[in-house]
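Chemist: sequence first, predicted coordinates after that:
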Amino acid sequence: MDVALFLGALALSAGWNTALVTVGAALLGAAAGAAGAFLFLRRRALAADAAAHATLPGVALAFIAMVWMGGDGRWLPGLMLGSAASAALGLWAVEAIPRRTRLGEDAAIGGVLASFFGFGVVLLTVIQAMPGGRQAGLDGFLLGATAGMLQAEALTIASMGAALALATFALRRPMTLASFDPGYAAAVGVNVRAVDLAILALALAVTVTGLKVVGLILIVALLIIPPAAARFWTERVDLTALGAALIGAVSAWIGAALSAAIPGAPTGALVVLSAAALFTVSMLMAPKRGALAEALARRRLSRRVHRRQGLLALARGEAIHDRDSLRALRGEGLIGRDGAPTMAGRAAAAAALRDEARWALARADAPGAPGMEGLRPIAEAFTPDEIAAFDARLGALRLAP
Amino acid sequence: MIGGMSHAEFVALGLPPLVAALLGALACALPGNFLLLRRQALIGDAISHVALPGIVLAFLLTGTISTWPMMLGAGVAALAAAAMIEAVRRLGRLEPGAAMGVVFTTLFAVGVVALELSSASSVHIDVEHALYGNLESVVWFEAEGWGSLLDPEALAAAPAQIWRMAGALALMALCARLFWKELALSAFDAGFAASVGARPRLAGAALTAATAVAAVAAFEAVGSVIVIAMFICPPAAARLMTDRLDAQVAWSLVFAVASAFFGWLLAGWGPGWLGYQGSVSAAGMIATVAGLIMFAACAVGPKRRGVAHP
């Protein structure tokens, strides 16, 4: 790989055409991430995969039609139109089959995907045999091929990507409502069926736009991976969509730059690998929902539980056998090497005993209420006056000798 | 003369792709019935995506594309994929569909990049072949005519893909015969199956393993497009023809044979009938015919109405 070229492409300084392609790819990535976030929420991502594979016959037929009419055949808007038509047909079939027959959605998706794609493959071989139809780079629509992209094509893709990202932004409120709580959405007047169709239409448009950049086989990855990655960073739907757009854009940017530096490697694969890398980083490192953060939080909780149990055991004069409790107490200097409590330990044990008794009173007062497990200091849950009231009822507590 | 070829030519060039397609279709359609009933129809899609990096890996390690390293590579890839999906589901708390989507597309992309960077395309693998196989290259050089079918020496030199798929089909048939009750029970009522000790989870795992074997055996000759089509379309069409499991399996095999035969026929001879030269992709045509059969069943199948089995 030509590292200098990669870095140059990354910084948009490897030539006007490369820069345009990279920016166009990034805009597509943003649109894909944003639209994909709603697909992801509605669990329709695999239906989008079927639609993507169903674009192939449309592309081929559009090519044949354009050549037959005397044109070049590779005019991108024409090919996009053809792809949209066959993909729409495929989507209709994916919706109609489970509705009208006793087949499930998975069978519909797989059947449409394989048969439409197969028919597309047949048409590709027809094109191969056409005079002057040397498949003309239609192969690039499978896995994406930004090398040799015309300026007009890059502009088309960039403007469509921008338009779709804006459209997703404009429709975000009804789409969020309908994705999250269709019942409520219907009750406040949102046409849920129309919103569903809008989400699918956006996904379709993103697919069609992304054909030349990422290819139809892998476009679904750009619709799924960025939202899945963004999900680790936030609980909110609008932020998930925003994060997905950002991650999609960055992945496509890096992928396009890599593609400029590694001739021969399909752009789509490089974009997907970039997205996968960002996904892995998010999965491991995101605060709160990332694996690392969750592991740390689990350890903190475990420590707190063991500490409390250890202190209570001390207060009641019971022997402590649990290694984790011993470790927690020793770590804070509450017991010595021999297991006997230190002064600080006796104080802490007394405090723990009192707190536990207070919590017991609180639990008895409000049976079944949440948050009364006693894992946090009681001062966090009750006011000093309330605590004083508990203490009055408890009287004097004694540590075991 | 058959279809413009002499008999000897036909047996050498025309027959092997047909036989390969038939065997592949049957080997995939058979387990596909149970996958369909268990709502796991997309496992075939998944395995096809994942087989590519496995095969590339096998090629990179051994430098050849012979049978056993390929099967092993694909098997390792499938296991790795399953482990990755589980990891993503646990660590990421994603729902299964999303986890699968993430893992499969990533692994496929890894396979594609590995292919290109290692210039494995200098040998016979490339992404196109992974997708639509290489039926046209299944030739039986040692055949001299119909008599070769009875000649043990010539048969022994028949294309390896055919023997591989015949083996896979035999294995599928054997498993279906032996585990029919367990598979049927686990597909329809897993709870009841567990309560009578029919071990639905074991049956499920065995089914997945069988699916993988069929897919990998067929992959190199017919590509992932046919594999997915055959796992789903004939069984789906069959499901809309009858309520009974044994009848469904029978119908699915009939549809699989029909798809393979008519697909092969139309691909090789269709253009000629329309006045054009050459042939079109056999794999694509087979998948198309399978799809048409499924759509026809959706339109007019006697048992098409109803709700999907939950």
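Modeler: Nice, thanks for sending it over.

Chemist: got the contact list for residue 232?
Modeler: Chain wasn't specified; assuming chain A. Contact partners of A:F232, counting by Cβ atoms under 8 Å, 6 or more residues apart in numbering or on different chains, are A:S282, A:M283, A:A286, A:R289, A:G290, B:G92. All C-beta atoms are positioned from the backbone trio N, CA, C, and that covers glycine.

Chemist: chain B was what I was after
Modeler: In this structure, B:I232 makes contact with A:A107, A:G110, A:G111, A:A114, B:G32, B:L36, B:A41, B:G44, B:M294, judged by Cβ under 8 Å, 6+ apart.

Chemist: repeat that for B:V88.
Modeler: Applying Cβ under 8 Å, 6+ apart to B:V88 gives the contacts A:M283, B:L94, B:A99, B:V102, B:V103.

Chemist: could you count how many residues lie near the third one?
Modeler: Other residues within reach of B:A99, judged by other Cβ atoms under 10 Å in any protein chain shown, total 22.

Chemist: what's the helix or strand for it?
Modeler: Assigned by DSSP states H and E, B:A99 belongs to helix B:96-117.

Chemist: that helix and chain A in contact?
Modeler: Yes - applying Cβ under 8 Å from any Cβ of the partner chain, one finds helix B:96-117 touching chain A at B:97-98, B:101-102, B:105-106, B:108-110, B:112-113, B:116-117.

Chemist: distance from the chain centre to that helix, please.
Modeler: 19 Å (Cα atoms, centre = their mean, to the nearest Å).

Chemist: pLDDT score for the closest residue to chain A within the stretch 201-310 of chain B?
Modeler: In the stretch 201-310 of chain B, no residue comes nearer to chain A than B:G291, which is 2.1 Å away by Cβ to the nearest Cβ. For B:G291, the model assigns a pLDDT of 96.

Chemist: so it touches B:I228, yeah?
Modeler: No - contact criterion Cβ atoms under 8 Å: B:G291 and B:I228 do not qualify, at 10.6 Å.

Chemist: these two: who's more crowded?
Modeler: Between B:G291 and B:I228, B:I228 has the larger neighbour count (other Cβ under 10 Å), namely 32 against 26.

Chemist: B:A81 and B:G111, how far apart?
Modeler: Counting by Cβ to Cβ, to the nearest Å, the gap from B:A81 to B:G111 is 11 Å.

Chemist: which residues does the very next helix or strand once past the helix holding B:A99 contact?
Modeler: Per DSSP H and E, helix B:96-117 leads on to helix B:127-132 as the next helix or strand towards the C-terminus. When contacts are taken as Cβ under 8 Å, 6+ apart, the neighbours of helix B:127-132 outside the stretch itself are A:118, A:121, A:139, A:142-143, A:266, B:51-52, B:55, B:111-112, B:115, B:219-220, B:222-226, B:281, B:283-284.

Chemist: show me how far helix B:127-132 is from its chain's centre.
Modeler: Centre-to-centre, helix B:127-132 and its host chain are 13 Å apart (Cα atoms, centre = their mean).

Chemist: buried residues in the helix or strand just after it, which are they?
Modeler: As assigned by DSSP H and E, the chain's next helix or strand after helix B:127-132 is helix B:152-156. Taking 16 or more other Cβ atoms under 10 Å in any protein chain shown as the basis for neighbour counts, the residues of helix B:152-156 that come out buried are B:A154.

Chemist: distance from the chain centre to helix B:152-156, please.
Modeler: 26 Å.

Chemist: surely B:K303 is within a strand?
Modeler: No - assessed by DSSP: H, G, I helix; E, B strand; the rest coil, B:K303 does not belong to a strand; its assignment is coil.

Chemist: run a quick neighbour tally on the closest residue to it other than its chain neighbours.
Modeler: Leaving out its chain neighbours, the residue that sits closest to B:K303 by Cβ to Cβ, 6 or more residues apart in numbering or on different chains is B:L240, at 5.5 Å. The burial count assigned to B:L240 is 24, neighbours taken as other Cβ under 10 Å.

Chemist: for B:L240, what are its contacts?
Modeler: Applying Cβ under 8 Å, 6+ apart, the residues near B:L240 are A:T101, A:R102, A:L103, B:A297, B:C298, B:G301, B:P302, B:K303, B:R304.

Chemist: and the two most separated of those?
Modeler: Spatial extent of these (Cβ to Cβ) is set by the pair A:L103 and B:P302 at 14.2 Å.

Chemist: the two: who's more crowded?
Modeler: For the pair A:L103 and B:P302, the greater number of neighbours falls to A:L103 (28 against 10), based on other Cβ under 10 Å.

Chemist: what about the stretch 151-300 of chain B, any weak spots by pLDDT?
Modeler: B:190, B:198 (pLDDT under 70).

Chemist: picking that back up, identify the contacts common to B:G291 and B:I228.
Modeler: Applying Cβ under 8 Å, 6+ apart, one finds that B:G291 and B:I228 are jointly contacted by A:A114.

Chemist: in the stretch 301-401 of chain A, what residue is nearest chain B?
Modeler: When you check the stretch 301-401 of chain A against chain B by Cβ to the nearest Cβ, the closest residue turns out to be A:L301, at 17.3 Å.

Chemist: what residues are up against the closest residue to that residue other than its chain neighbours?
Modeler: Here the nearest residue to A:L301 in space, its sequence neighbours aside, is A:L375; by Cβ to Cβ, 6+ apart that works out to 7.5 Å. Neighbour list for A:L375: A:L301, A:R304, A:V305, A:R308 [criterion: Cβ under 8 Å, 6+ apart].
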